[in-house]
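A.B. asks: Only the shape, not the letters, is given here:
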């Protein structure tokens, strides 16, 4: 095996490619599910938001318990391999367009989304936990998560462009089946690329309830930064179709708007990683969130129909999206090591289960609030033209509301960093001595 401090590029990108499989499906859910449920399945915005909330609450609930099961049986690659096919099949079934109407329709879509969430968690929690097991190095984890999130951006581009194209050319059903099939191969490659690469775990495994990891201060601070960034990113993802349709006035440009944001984010991933390597992860995060908030305010203030200006501002959104994806997940394995020193046990699965819980809970909260806000703003499901109050609501959610959350997160990162590079080095050295003594 190569040195655990610097992974070969084939391992970094082989592992990272798995994120493409998750991203293809998850991007479609984030970007299009609210629009599909409202304008495709015919649910009201409030009902659609409630369906998504219930499904996400279920998802968030099982994440910590999957993490706890991983601590007891840490076969990360086996978990990921077994979850891949159910994940792809249930995802495709969501978009199948079942001939169900009336009060049973929300129940059926809720059940499908809960099934998808279960399969997603069973795969993504062990996949994320591999980061801590692949390398113990502070900066190499930034490189590893940069590769992971870079491939995730590629998956986002594929889903953001392919989903509306296939949907308009054929149907929602065809688009869902295509993306479900595309998600299988990258996940299989990730399982293969990490064979024999995971570091040995300490002899003492984690014990206790899954939520006990909240006792870790670095983890709590990482959670705050991640929740702020992910809630905003989830809200923006779901708002883009509404923005393109009713503010920009050109729904046919939706795929290009997605492509500009995702390509800009993809190009920005190595820049964000370099900034984190030269400075600190929390400093790079603060800079990324500040630029993110400024770009969203500009997007909200653009006059209707100004397509070139929208593309320019969407390109400026990319660096913030990249920082939101890369940096919190790079901070998480550092918190795991602090816990190993302070608690004397390995609870990697519980940490990643809790982080995935936050991811799903933030997404649920964002989508539910969007549904409620659109309903309160007078949005009429299926209407080609919306009233001024609905359009103003969309603008406010895209700009000022999101900017306040991101600005607060940037200040928090500077004042309460989860862990500095020097602090992490001391914890790693202490952990090394403990292992040698044992």
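C.D. replies: Structure received. Model, not experiment: these values are computed from the prediction.
A.B. asks: those strands in the protein, which residues are they?
C.D. replies: Shown for the chain, no strands are assigned by DSSP state E.
A.B. asks: Longest helix of it, counting residues only.
C.D. replies: helix 307-343 (DSSP state H).
A.B. asks: Please verify my assumption that residue 41 contacts residue 109.
C.D. replies: Yes - when contacts are counted by Cβ atoms under 8 Å, residue 41 is listed as touching residue 109 (6.5 Å). C-betas here are computed from N, CA, C, even on glycine.
A.B. asks: would you list every one of the helices in the stretch 201-350 of the chain?
C.D. replies: 217-242, 254-278, 281-301, 307-343, 348-376 (DSSP state H, counting those that start in this stretch).
A.B. asks: From the contact counts, what lies against the last one?
C.D. replies: Under the contact criterion of 3 or more Cβ pairs under 8 Å, 6 or more residues apart in numbering; DSSP states H and E, the helices and strands touching helix 348-376 comprise helix 9-35, helix 45-72, helix 104-134, helix 217-242, helix 307-343, helix 388-396.
A.B. asks: What is the third one packed up against?
C.D. replies: Looking back up the chat, that one is helix 104-134. Checking 3+ Cβ pairs under 8 Å, 6+ apart, helix 104-134 ends up next to helix 9-35, helix 45-72, helix 76-94, helix 138-169, helix 184-193, helix 307-343, helix 348-376.
A.B. asks: what distance separates the shortest one from the centre of its chain?
C.D. replies: Right, the one you point to is helix 184-193. Its chain's C-alpha centre and that of helix 184-193 lie 19 Å apart, by Cα atoms, centre = their mean, to the nearest Å.
A.B. asks: Mean pLDDT added to the helices and strands packed on helix 104-134, as JSON lines?
C.D. replies: Listed next are the helices and strands packed on helix 104-134 as JSON lines, based on pLDDT from 0 to 100:
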{"stretch": "helix 9-35", "mean pLDDT": "89"}
{"stretch": "helix 45-72", "mean pLDDT": "81"}
{"stretch": "helix 76-94", "mean pLDDT": "91"}
{"stretch": "helix 138-169", "mean pLDDT": "86"}
{"stretch": "helix 184-193", "mean pLDDT": "93"}
{"stretch": "helix 307-343", "mean pLDDT": "88"}
{"stretch": "helix 348-376", "mean pLDDT": "81"}
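A.B. asks: could you dump those helices to a markdown table with distance to residue 219?
C.D. replies: Output for the helices and strands packed on helix 104-134, formatted as a markdown table (distance: least, Cβ to Cβ, whole Å):
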| stretch | distance to residue 219 |
| --- | --- |
| helix 9-35 | 22 |
| helix 45-72 | 12 |
| helix 76-94 | 19 |
| helix 138-169 | 15 |
| helix 184-193 | 25 |
| helix 307-343 | 4 |
| helix 348-376 | 6 |
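A.B. asks: right, so of these, which gets closest to residue 423?
C.D. replies: helix 307-343 (8.2 Å; Cβ to Cβ).
A.B. asks: Could you dump the helices and strands packed on helix 104-134 into JSON lines with distance to residue 288 and mean neighbour count added?
C.D. replies: Below are those laid out as JSON lines (distance: least, Cβ to Cβ, whole Å; neighbours: other Cβ atoms under 10 Å):
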{"stretch": "helix 9-35", "distance to residue 288": "19", "mean neighbour count": "23"}
{"stretch": "helix 45-72", "distance to residue 288": "25", "mean neighbour count": "22"}
{"stretch": "helix 76-94", "distance to residue 288": "29", "mean neighbour count": "20"}
{"stretch": "helix 138-169", "distance to residue 288": "12", "mean neighbour count": "23"}
{"stretch": "helix 184-193", "distance to residue 288": "26", "mean neighbour count": "19"}
{"stretch": "helix 307-343", "distance to residue 288": "2", "mean neighbour count": "23"}
{"stretch": "helix 348-376", "distance to residue 288": "17", "mean neighbour count": "24"}
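A.B. asks: Compare the helices of the stretch 201-350 of the chain and give me the one nearest residue 52.
C.D. replies: It's helix 348-376; of the helices of the stretch 201-350 of the chain, that one is closest to residue 52 (Cβ to Cβ) at 4.4 Å.
A.B. asks: got the angle for the closest one vs helix 9-35?
C.D. replies: Taking axes from the mean of the first three to the mean of the last three Cα atoms, to 10 degrees, one finds helix 348-376 and helix 9-35 inclined to each other by 30 degrees.
A.B. asks: Would you mind giving the orientation angle of helix 348-376 with respect to helix 76-94?
C.D. replies: 20 degrees.
A.B. asks: My read is that residue 64 contacts residue 350, right?
C.D. replies: Yes - between residue 64 and residue 350 there is a contact at 6.7 Å, judged by Cβ under 8 Å.
A.B. asks: nearest residue to residue 288 other than its sequence neighbours?
C.D. replies: Sequence neighbours aside, residue 323 is the residue nearest to residue 288 in space, at 2.5 Å (criterion: Cβ to Cβ, 6 or more residues apart in numbering).
A.B. asks: Make sure that neighbour is actually in contact with residue 289.
C.D. replies: Yes - under the criterion of Cβ under 8 Å, residue 323 makes contact with residue 289 at 6.7 Å.
A.B. asks: Now for those two: what residues contact both?
C.D. replies: Both residue 323 and residue 289 are contacted by residue 229, under the criterion Cβ atoms under 8 Å, 6 or more residues apart in numbering.
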